[in-house]
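Novice: just a sequence and a predicted model for now, questions to come.
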Amino acid sequence: MRTSSSISGLLLVLLLSFSGRTFVSGGFDFPFEDVNQAWRGFLNLSGCHKGENVTGLDAVKKYFQQFGYLTNGDDSDEFDDDLEKALQIYQTNFDLNITGSLDNETLQQLVKPRCGVGDIINGTSSMKYGRRLAAVGHSVAHYSFFPGRPSWPRQASLTYAFSLSNQPFTAEQLRPIIVRSFARWEAATTLKFSEVSDYSSANLRIAFFRGDHGDGEPFDGPLGTLAHAFSPENGRLHFDAAENWVIDVAGLSAAGTVDLESVMVHEIGHLLGLGHSSVRESVMFPTLLTGTKKVDLHSDDVQGIQLLYGGNPRGNVSTPSQQSERSSDASSLFWSPLLSCFTIILSIIFLSFPL
C-alpha cells in the first residue's frame, strides 16, 4: 500500500512539475519576483469580499484611486460598497469574472506592470465599462479616447525630441526605437513625425524620471507603473528610469526586463489621444508582462486612431487581429526546470520515508 501510494504521489508531482505552470504565492502563475514591491501585499488578500475588514485593503483602495476607480479618498481597511463597485468596474474593463471580490484572477491582473494613465479619467471610464461599444464590421470596438476627445490637427506634422538624462542608452541606441514607434502610428494616420534637436520646442517630448518628478504622477519603482503620457496637446511622455529597460529581443531573456519599444508604442497612442483598450492583444491594453514584446498595432488600435485622424492616404497599414509577441519568458525557461527538479527531489525524499 505504501509503495503504491508513493508511486501515485510521485506521478502526480511529476505531472504538476512539467505542466508548464509556475506556482507562486497561493497558486498564482504570475512570477512573484515580477511584482512591484508596493503591490506584493495584494497577494495576501485573496478571497476578500464586502463586509470584511482586513489589513492591506487600504493599499488596494489607493491603487484604485490612482487609476480612477475610487474618488472618495477613503484609506481604511474596510471592504465597503465603494470598493466592491470599483472591483466590478475594474473586472468589466479587463474582461474578468465580475465577482466584486478579490479573487485570484483579479489579483493576478492587479499586480501586473502597467501604464500609469488612468482607466477612468475625471469620472469617465475610458475602457469597456459604462460606454456603448461600437460595432465595426463583424467585430466590437473597445478602443477609447480621453474625455472630450482631444487630438492634434488632422494631417499635422508633429516634431519630437528625447532627453538622454536618467537612462543608460545612447542617442544612437534610442533613436531607432523611437523612429519605429512613431512610424507605426504614422502608417495608420494622416500624421507625420520628425525629430528636432531642441527639446523644449518639440510638440512631443520624451524623457526618463525617477519617483516624484513634478508632474503629479510619481513613479513607484520597478514593475509598477512603467510610464505615462499626457493627452493632446500636452506632449509629455515619461518613462520610469527605475525599470530594467531593454531595447532588443535578446535582452528580454533576463528576468524582470521590460521592452522599451512596446511601452513606447503604447504611450505614443496616449500622446495622440487614445485611451486604454479592453482588447488584450491591443497595444493600448494597460498592462505588459515582463519578457513581452508587443509593438504591432491591432485592428482595434487602428480603428480608434483613424476615427481621430483618418486613414493614411499614402498606403495601408497591416491590422492583424493578434500581433502580440512573447519571448520565451526567460524567467520561466530558466527557473521552471530547476523548480521542477527541486520539487521532484523533495517529493522522492518525503515519499521514501514513511511517517
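Specialist: Done, it's in. Numbers count the residues shown, from 1 in each chain.

Novice: for the residue lying closest to residue 204 once chain neighbours are set aside, give me phi and psi.
Specialist: The shortest distance from residue 204 to any residue that is not its chain neighbour, by CB to CB, 6 or more residues apart in numbering, is 4.0 Å, and that residue is residue 160. Quick note: C-beta positions are derived from backbone N, CA and C, even for glycine. The phi/psi pair for residue 160 (degrees, to the nearest 10) reads phi -140, psi 160.

Novice: would you agree residue 160 is in contact with residue 203?
Specialist: Yes. In terms of CB atoms under 8 Å, residue 160 counts as a neighbour of residue 203; the distance is 6.7 Å.

Novice: who has more neighbours out of the two?
Specialist: More neighbours sit around residue 160 than around the other of residue 160 and residue 203, counting by other CB atoms under 10 Å; the figures are 22 against 19.

Novice: okay, now the domains of the chain?
Specialist: Following automatic domain parsing, one gets these domains for the chain: 31-111, 124-323.

Novice: including mean pLDDT, could the ones you listed go into CSV?
Specialist: What follows is the domains of the chain, written out as CSV (pLDDT from 0 to 100):
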stretch, mean pLDDT
domain 31-111, 95
domain 124-323, 90
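
Novice: which one of these lies nearest to residue 118?
Specialist: Closest approach to residue 118 among the domains of the chain (CB to CB): domain 31-111, 3.8 Å.

Novice: on that earlier part again, separation between the residue nearest to residue 204 and residue 200?
Specialist: Counting by CB to CB, to the nearest Å, the separation of residue 160 from residue 200 is 12 Å.

Novice: ditto for residue 163
Specialist: The span separating residue 163 from residue 200 equals 10 Å under the rule CB to CB.

Novice: looking at these two, which is more packed in?
Specialist: More neighbours surround residue 163 than the other of residue 163 and residue 200, with 14 against 6 (other CB under 10 Å).

Novice: what are the boundaries of the strands in the protein?
Specialist: Under the criterion DSSP state E, strands of the chain are mapped to 120-121, 124-125, 134-136, 139-141, 157-162, 192-195, 204-209, 227-229, 236-240, 244-246, 257-259, 292-293, 325-326.

Novice: could these be laid out in a markdown table, adding distance to residue 89?
Specialist: Listed next are the strands of the chain as a markdown table, based on distance: least, CB to CB, whole Å:
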| stretch | distance to residue 89 |
| --- | --- |
| strand 120-121 | 7 |
| strand 124-125 | 7 |
| strand 134-136 | 20 |
| strand 139-141 | 19 |
| strand 157-162 | 34 |
| strand 192-195 | 35 |
| strand 204-209 | 30 |
| strand 227-229 | 21 |
| strand 236-240 | 26 |
| strand 244-246 | 31 |
| strand 257-259 | 27 |
| strand 292-293 | 26 |
| strand 325-326 | 28 |
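
Novice: perfect, that will be all.
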